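Participant: predicted structure and sequence below. I'll ask about it afterward.
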Amino acid sequence: MKQAKTVAYLSVFVLLAGDAIRNTFSWAGWGAICAVLAGFTIFWLVKHKPVSLIRQIPWPLAAMLALMLVSTIWSNYQLVTFGVFFIQIIQTLFALFLAAAFSWRELLQILSNVIRAILGLSLLLELYAAIVVRGPVAPVFKFYEGDKPPAPDFYWCRGNLFNGGRIQGIVGNSNILAYIAMIGVILFLVELSIRQSRRWVSLVSLAASSAALVDAWSMTVNFALAAVLLASIVSIAAEGQNKETRHRYYRTAWWSTGVSALVVLAFRAQIFELLGKSPDISGRTKIWKAVLHLIDQRPLQGWGWSSYWIPFVQPYKGLVVMHNVTYLQAHNAFLDVWLQLGVLGLGLFICLIGYTFVPLWRLAVRHTNPLYLWPILVFVGLIVQNLTESRMLIEIGWVLLVLFAVKSRDPEDSLEPRTGEVKRTRLLVGGLRRNQSRQQKDR
């Protein structure tokens, strides 16, 4: 079991911090590491005899994977589609391995510890850039020619820790670092509520995640966090209530979300300016227009599966270039699926999200243990963040989607036993006990 957990830790790190591996060991080194981990993943998956788990795969996921392969027939880049499909399968198998080998509590531990490591290493890199180099740090293996990169985005870390600019950490991207920090905030709060780790470890980790969120400052992640906060309030409040009350809470939440979205849309210029962003969301409207133009040419079948865009094939070659940076995603997972797999693929993707959301929500609302809050809260954050990103389709985003889709269908007897009190009572009592303990120590 220790070997399986080691494979899980290393693989989750590579999936979360892929750019750190590529910047350090090159694309070839990253590929070799992935190949070795893929071999171990398949070995441990087979060893766990996942026959019953395979039956838990929801039909939209199976159909979407089949469509990825079938899209090779009409793909504009057939060899790319065929190769990328197998990468997608490996990522799917790793998600199945996680679902088969580990409980929800063990998965919380694995993800939390990996994020702790990423945040710690990110702080060290930022300190090195700010104090030792006193400027930007280039990747060990450069992805550009010459000594100077064509744009600041090509630096690994820009050394902004003490000058008020956005930090990138070891992942080399402010948005990705903020995304990881968002997941960390969720996981560390759940850790605190169930006492998974030592209290001081969870508190320091929560502080580090919060600091990374502020220093990386991603507007899309901030919106995702707002959705996570709303989901946590509604799910905790709905537990133990009758059907009519629960549905009243749900209607209120949906109405609030809809009104908020309309307000943001109507006053986007003022809101984005307040948040330090342009009204076009850092050029995303330009990307969406280019993507919609391509979708209009092949709305039914799409251009063929590629996950992220391959920069040397048409129609992606030079499709969107801003500030000397070539963009390789639609910055919207739904648009990217429609672009690549057509309207059928988009429908399957929406069904997959629905088929995943419902059992995760039921688990969070019906089980009395706060442990089961983290899957739905991470999933909500993932969905909202992918309205302006496409990371749900690759690496850790796809792995989490498949993991949640499959493991949310685990049988009831595989879960931890329920307690006699609802989560909000347990959380409130826990907080009161801690306050009483502090008061006694003060005396």
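Facilitator: Yep, it's here.
Participant: and for the residue nearest to residue 48 when sequence neighbours are not counted, the neighbour number?
Facilitator: Nearest non-adjacent residue to residue 48, counting by C-beta to C-beta, 6 or more residues apart in numbering: residue 100, 4.3 Å away. All C-beta spots, glycine's among them, are computed from the backbone N, C-alpha and C. Around residue 100 sit 22 other residues, with neighbours defined as other C-beta atoms under 10 Å.
Participant: per-residue pLDDT of residue 100, please?
Facilitator: Note on residue 100: pLDDT of 94.
Participant: what does residue 376 give?
Facilitator: Reported pLDDT for residue 376: 97.
Participant: check residue 2 too.
Facilitator: Value for residue 2, per-residue pLDDT: 86.
Participant: for it, grab the count of nearby residues.
Facilitator: Residue 2 sits with 6 neighbouring residues when counted by other C-beta under 10 Å.
Participant: repeat that for the one 5 residues further on.
Facilitator: A count of neighbours around residue 7, defined by other C-beta under 10 Å, yields 22.
Participant: just give the nearest non-adjacent residue to it, would you?
Facilitator: Using C-beta to C-beta, 6+ apart, the nearest residue to residue 7 is residue 40, at 4.6 Å.
Participant: give me the neighbour count for residue 140.
Facilitator: So residue 140, with other C-beta under 10 Å, has 12 neighbours.
Participant: any regions of this structure where pLDDT drops low?
Facilitator: 268-282, 420, 424, 426-443 (pLDDT under 70).
Participant: pull out the buried positions in the longest helix seen in it.
Facilitator: Across the chain, the longest stretch assigned as helix under DSSP state H is helix 333-366. By neighbour count on 16 or more other C-beta atoms under 10 Å, the buried set for helix 333-366 is 333-342, 344-349, 351-353, 355-357, 359-361, 363-365.
Participant: so the residue nearest to residue 48 makes contact with residue 53?
Facilitator: Yes. Counting by C-beta atoms under 8 Å, residue 100 sits close enough to residue 53 to count as a contact (5.0 Å).
Participant: same for the longest helix of the chain, what does it pack against?
Facilitator: helix 59-70, helix 219-238, helix 284-297, helix 374-385, helix 395-407 (3 or more C-beta pairs under 8 Å, 6 or more residues apart in numbering; DSSP states H and E).
Participant: and that helix, how far out from the chain middle?
Facilitator: With C-alpha atoms, centre = their mean, to the nearest Å as the basis, helix 333-366 stands 14 Å off its chain's centre.
Participant: with stretch 331-348 instead?
Facilitator: On the basis of C-alpha atoms, centre = their mean, stretch 331-348 sits 18 Å off its chain's mean C-alpha point.
Participant: equivalent analysis for stretch 73-92, please.
Facilitator: Relative to its chain's centre, stretch 73-92 lies at 22 Å (C-alpha atoms, centre = their mean).
Participant: residues touching residue 232, list them.
Facilitator: Residues near residue 232 by C-beta atoms under 8 Å, 6 or more residues apart in numbering: 373, 377.
Participant: distance check, it against residue 219.
Facilitator: Separation of residue 232 from residue 219 (C-beta to C-beta, to the nearest Å): 21 Å.
Participant: now the strands: where do they sit in this protein?
Facilitator: Using DSSP state E, the strands assigned to the chain run over residues 321-322, 325-326.
Participant: helices of the stretch 51-200 of the chain, start to end?
Facilitator: 51-55, 59-70, 78-101, 104-127, 174-194, 199-216 (DSSP state H, counting those that start in this stretch).
Participant: what's next to the first one, contact-wise?
Facilitator: Right, helix 51-55. Contacts of helix 51-55 (C-beta under 8 Å, 6+ apart): 96, 99-100, 406.
Participant: not counting its neighbours along the chain, what's nearest residue 120?
Facilitator: Using C-beta to C-beta, 6+ apart, the closest residue to residue 120 is residue 208 (7.5 Å).
Participant: so what's the one you found up against?
Facilitator: 116, 119-120, 123, 184.
Participant: for residue 266, give its distance to residue 260.
Facilitator: For residue 266, the distance to residue 260 (C-beta to C-beta) stands at 11 Å.
Participant: higher neighbour count, these two?
Facilitator: Shown here are residue 266 and residue 260; by other C-beta under 10 Å, residue 260 has more neighbours (14 against 10).
Participant: what residues are up against residue 284?
Facilitator: With C-beta under 8 Å, 6+ apart, residue 284 has these contacts: 331-332, 388.
Participant: mind redoing it with 6 Å?
Facilitator: Applying C-beta atoms under 6 Å, 6 or more residues apart in numbering to residue 284 gives the contacts 331, 388.
Participant: how far away is the residue nearest to residue 48 from residue 202?
Facilitator: Using C-beta to C-beta, residue 100 is found at 27 Å from residue 202.
Participant: same deal with residue 235?
Facilitator: Note on residue 235: its distance to residue 202, by C-beta to C-beta, is 21 Å.
Participant: of these two, who's got more company?
Facilitator: residue 235 (25 against 22).
Participant: my read is that that one contacts residue 362, right?
Facilitator: No. Distance between residue 235 and residue 362: 10.0 Å, which falls outside the contact criterion (C-beta atoms under 6 Å).
Participant: common neighbours of those two, please.
Facilitator: Common neighbours of residue 235 and residue 362 (C-beta under 6 Å, 6+ apart) do not exist.
Participant: if we can go back for a sec, could the strands of the chain go into TSV alongside mean neighbour count and distance to residue 384?
Facilitator: Output for the strands of the chain, formatted as TSV (neighbours: other C-beta atoms under 10 Å; distance: least, C-beta to C-beta, whole Å):
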stretch	mean neighbour count	distance to residue 384
strand 321-322	12	24
strand 325-326	16	24
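Participant: distance to residue 70 for those - can I get that in a markdown table?
Facilitator: What follows is those, written out as a markdown table (distance: least, C-beta to C-beta, whole Å):
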| stretch | distance to residue 70 |
| --- | --- |
| strand 321-322 | 31 |
| strand 325-326 | 29 |
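Participant: of those, which is nearest residue 92?
Facilitator: Distance to residue 92, taken as C-beta to C-beta, is lowest for strand 325-326 among the strands of the chain, at 27.7 Å.
Participant: neighbouring strands of the closest one in the sheet, and parallel or not?
Facilitator: Pairing partners of strand 325-326, with direction, according to DSSP bridges: strand 321-322 (antiparallel).
Participant: contact partners of the partner strand?
Facilitator: residue 283.
Participant: could you do stretch 335-346 as well?
Facilitator: Contacts of stretch 335-346 (C-beta under 6 Å, 6+ apart): 67, 71, 291, 294-295, 299-303, 305-306, 330, 349, 390.
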